[in-house]
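> Turn this into a structure:
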Amino acid sequence: MKINELLGDFQIHKTNEEQQVLDKCSSEAIPMYNFSERDRFILEALIRKALVSKIVKDGNILVIANEF
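Numbers count the residues shown, from 1 in each chain. Modelled structure (predicted):
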């Protein structure tokens, strides 16, 4: 059972800036170097909040938005 099923309307707080970067992430893995330095900093915060996953593949760092 997922925590969202237990709590109902559970939301993780995001700033407007975090939401904009999250919108740039799609359901496909995107190389992190495609983002600006500021966006990479915000992506690290989203990774800590478990809204984005970081994947290391062949020495490249990819990011992908988690489903909710």
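> What's the first helix or strand after the host helix or strand of Leu46?
According to DSSP states H and E, Leu46 maps onto helix 37-48. Remark: after helix 37-48, the chain's next helix or strand is strand 52-57, criterion DSSP H and E.
> got a list of contacts for that next one?
The contact list for strand 52-57 (Cβ atoms under 8 Å, 6 or more residues apart in numbering) reads 22, 25, 29, 32, 43, 46-47, 61-66. The way it works is simple: take the backbone N, C-alpha and C, and place the C-beta from them, glycine included.
> check which helix or strand covers Ile61.
Ile61 belongs to strand 60-65 when assigned by DSSP H and E.
> before we move on, what about His13?
Under the criterion of DSSP H and E, His13 resides outside all helices and strands.
> do you know how far it is from Lys49?
From His13 across to Lys49, the span is 8 Å (Cβ to Cβ, to the nearest Å).
> For those two, indicate the residue with more neighbours.
The residue with more neighbours, out of His13 and Lys49, is Lys49; 14 against 6, by other Cβ atoms under 10 Å.
> The residue most central in space within the chain bridge partners, please.
Geometric centre of the chain, nearest residue: Val52, 2.1 Å, by Cα atoms, centre = their mean. For Val52, the beta-bridge partners are Ala65 (DSSP bridges).
> mind checking pLDDT for it?
Looking at Val52, its pLDDT reads 93.
> tell me which strands and helices the strand holding Ile61 is in contact with?
Secondary-structure packing of strand 60-65 (3 or more Cβ pairs under 8 Å, 6 or more residues apart in numbering; DSSP states H and E): strand 30-31, strand 52-57.
> Touching the helix holding Leu46 from outside, list them.
With Cβ under 8 Å, 6+ apart as the criterion, helix 37-48 contacts 14, 17-18, 21-22, 24-25, 32, 35, 52-54, 63.
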